[in-house]
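1. Sequence plus the predicted model coming up.
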Amino acid sequence: MNCYDPPMTIKLYDNPVSGHSHRVRLFLSLLDLDFESIVVDMRAGEHKTPDYLKMSPLGQVPTLVDEETIVTDSCAALVYLAKRYGDERWLPEDPEGAARIQRWLSTASGELYRGPVTARAIELFGRDYDYDAAVAWTERLCAWMEDELTDRTWLAADHATIADIAMYSYLRVADEGALDMSEYHSIERWLGDVESLDGFVPMTRAS
Ligand SMILES: N[C@@H](CCC(=O)N[C@@H](CS)C(=O)NCC(=O)O)C(=O)O
């Protein structure tokens, strides 16, 4: 529940098929925050226009704008929203708890990106990346996650945190990267647990 009465000015520059954007949309919804979604037409190059680059120097979605505050990078936006509007449940303050979260935020920007995100970009958008390398990263990542999730419900605590939000979106649409997820039963169970959170909104499939 959101105990803070927020101004109605949060804007999210996003794209429906971007998992990076979905992470932030999902967390805004879980926090029950009103926001305006501004779709950035990436095919038309709207993310590389001078005005957009003023907000997002790398020309990427999502970008979160909350009054005077501009946050680029999806994981940074999760941290911002947790600290600004959430409670400590989503992002613990204690050193060990915070480190456990950061481990997964780094994984979302690292191994998840090199694996499932890249495979999907190749399959859906014809990106000229190394598909075999993306499959190998996915297998390495998912073997580890499957192991972690075999005897725990959530990734970083005994309840959902922004670690789960950061990792969810691209794993749910891993099949769009022609990846076989059928042997990862604990990951599938965990995806369902994220989907059962109050306020959950689904990731848009591109295919
Ligand atoms: N580290 C960024 C990566 C975001 C990202 O790669 N977004 C993609 C769309 S899913 C994008 O905007 N790509 C265009 C580009 O990098 O030029 C984040 O987590 O938000």
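-> Happy to help now that I have it. Note that the structure is a prediction, hence the values are computed from the model and not measured. Residues are numbered from 1 along each chain as shown.
2. the helices in the chain, which residues?
-> For the chain, the helices defined by DSSP state H occupy 19-30, 50-55, 74-85, 95-109, 111-112, 118-125, 131-150, 162-172, 185-195.
3. Run through who's touching the fourth one.
-> So the one you mean is helix 95-109. Contact with helix 95-109 is made by 23, 73-75, 78-79, 91-92, 141, 155-157, 161-164, 166-167, as judged by CB atoms under 8 Å, 6 or more residues apart in numbering. Just so you know, the C-beta spots here come from the backbone N, C-alpha and C atoms, and that holds for glycine as well.
4. separation between the residue at the greatest distance from the centre of the chain and W154?
-> Distance from the centre of the chain peaks at P50, with 25.8 Å (CA atoms, centre = their mean). Distance of P50 to W154, computed by CB to CB, to the nearest Å: 42 Å.
5. give the contact list for A157.
-> Shown in contact with A157 (CB under 8 Å, 6+ apart): 89, 92, 97, 100, 163.
6. Output those residues in CSV; the columns should cover neighbour count and distance to S196.
-> Shown next, in CSV, are these (neighbours: other CB atoms under 10 Å; distance: CB to CB, whole Å):
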residue, neighbour count, distance to S196
R89, 12, 16
P92, 17, 22
G97, 15, 23
R100, 16, 22
A163, 24, 17
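7. Farthest pair within those?
-> The two members of these with the most space between them (CB to CB) are R89 and R100, at 13.3 Å.
8. before we move on, back to that, ranking the helices of the chain by burial, who's on top?
-> helix 162-172 (a mean of 25; mean count of other CB atoms under 10 Å).
9. by how many degrees do it and helix 131-150 diverge?
-> Calculated by axes from the mean of the first three to the mean of the last three CA atoms, to 10 degrees, helix 162-172 forms an angle of 130 degrees with helix 131-150.
10. Okay then, goodbye and thanks.
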